[in-house]
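1. Sequence first, predicted model second:
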Amino acid sequence: MAGQSISSVARRYGLSASMLFHWRRLAEEGPMSSLGADEAVVPEPEVKRLQAQVRELERLLGKKTMENEILKEALELARTKKRPSLPPRGGSR
């Protein structure tokens, strides 16, 4: 097939040239994945990038959740801690 145009190959097999260009683009993008039934097929590197991003966001969410719990405990401790008594105001007249 060396030296043949995409159009002549497409005609030989009863395909449109645009279909061959589309298939070539898909092949260049690499393996494809579908995450579930009736979902779009996306390039494997994109799936891996998004999975890594989700893991990082989950890690950050866990960190912020822990910080929030620590601050809640500190606030509760500060509220329950006895404050020093102040002398009564006004005294004797």
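-> Thanks, I have the structure now.

2. For Pro45, the count of nearby residues, please.
-> 12 (other Cβ atoms under 10 Å). Every C-beta, even on glycine, is put in place using the N, C-alpha and C of the backbone.

3. What helices and strands are in contact with the strand or helix carrying it?
-> Per DSSP states H and E: Pro45 is located in helix 44-80. Judged by 3 or more Cβ pairs under 8 Å, 6 or more residues apart in numbering; DSSP states H and E, the packing partners of helix 44-80 are strand 32-34.

4. Could I get the buried residue list for the helix holding Pro45?
-> Val47 (16 or more other Cβ atoms under 10 Å).

5. Could you give the separation of it from the chain centroid?
-> Offset of helix 44-80 from its chain centre (Cα atoms, centre = their mean, to the nearest Å): 14 Å.

6. Same check on stretch 38-50?
-> 12 Å.

7. can you check stretch 15-27 too?
-> 30 Å.

8. name the element Val42 belongs to?
-> Per DSSP H and E: strand 41-43 holds Val42.

9. per-residue confidence averaged over that strand?
-> Strand 41-43 carries an average pLDDT of 78.

10. list the helices and strands that strand packs on?
-> Secondary elements touching strand 41-43 (3+ Cβ pairs under 8 Å, 6+ apart): strand 32-34.

11. Quick one: mean pLDDT for the strand it packs on?
-> Confidence over strand 32-34 (mean pLDDT, whole number) is 66.

12. Please pull out the lowest mean pLDDT helix or strand from the chain.
-> Taking mean pLDDT, DSSP states H and E as the measure, the chain has strand 32-34 as its least confident helix or strand, at a mean of 66.

13. ok, back up a step: the strand holding Val42 pairs with which strands, and in what direction?
-> For strand 41-43, the paired strands and their directions (DSSP bridges) are strand 32-34 (antiparallel).

14. Can you report the mean pLDDT over the residues of stretch 78-87?
-> For stretch 78-87, the per-residue pLDDT averages 73.

15. Numbering from 51 from now on, please.
-> Got it, first residue is 51 now, which makes that one stretch 128-137.

16. Okay, Val59 and Pro81: tell me how far apart.
-> Distance, Val59 to Pro81, using Cβ to Cβ, to the nearest Å: 24 Å.
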